[in-house]
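Participant: The sequence and its predicted three-dimensional model are supplied below.
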Amino acid sequence: MSSADAEVEVTLRGGPDGLPETVTVRAAQLAQPRLKIPFRAGYEHFVAEPQGNGKAGDNAVFVWCDRTKLAE
């Protein structure tokens, strides 16, 4: 498995009730400006909270910023 395919656990802050506080994502997703988490009939969008070293990784924190609905 390549490092881009590796999975990391991240913490989510905010968002709708019922959304887990931590999720596992592919490491490659951390290079994107936003995380897009499927939830119910849409996607919850999160942006990285700045870390001391400027990099996101295991135990990175992402803050809810938006929601989009699934296309019908």
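Facilitator: Noted; the coordinates are in hand. Numbering: from 1, shown residues only.
Participant: now the strands for this structure?
Facilitator: Secondary structure of the chain by DSSP state E: the strands cover 7-13, 22-26, 34-39, 42-48, 60-69.
Participant: Arg26 reaches Asp5, doesn't it?
Facilitator: Yes - in this structure Arg26 lies within contact range of Asp5 using Cβ atoms under 8 Å: 6.2 Å. For every residue, glycine as well, the C-beta is placed using N, CA and C.
Participant: which of these two has more neighbours?
Facilitator: Between Arg26 and Asp5, counted using other Cβ atoms under 10 Å, Arg26 has the larger neighbour count: 12 against 9.
Participant: Tell me what that one is bridged to.
Facilitator: Glu7 (DSSP bridges).
Participant: Find me the pLDDT at it, would you?
Facilitator: Per-residue pLDDT puts Arg26 at 93.
Participant: Please report how far it lies from Leu12.
Facilitator: To Leu12, Arg26 is 16 Å away according to Cβ to Cβ, to the nearest Å.
Participant: Let me know the pLDDT of Glu7.
Facilitator: 92.
Participant: For it, the count of nearby residues, please.
Facilitator: 12.
Participant: swap in the one 5 residues further on?
Facilitator: Other residues near Leu12 number 18, with proximity taken as other Cβ under 10 Å.
Participant: correct me, but it touches Val23?
Facilitator: Yes - the criterion here is Cβ under 8 Å, and Leu12 meets it with Val23 at 6.3 Å.
Participant: Between the two, which contacts overlap?
Facilitator: Applying Cβ atoms under 8 Å, 6 or more residues apart in numbering, one finds that Leu12 and Val23 are jointly contacted by Ile37.
Participant: Looking at the strands of the chain, which one is packed in the most?
Facilitator: Ranked by average neighbour count under the criterion mean count of other Cβ atoms under 10 Å, the strands of the chain are headed by strand 42-48 at a mean of 18.
Participant: Give the rounded mean pLDDT of that strand.
Facilitator: 95.
Participant: Quick check: which ranges of this structure have low pLDDT?
Facilitator: For the chain, residues meeting the criterion pLDDT under 70 lie at 1, 4, 51-58.
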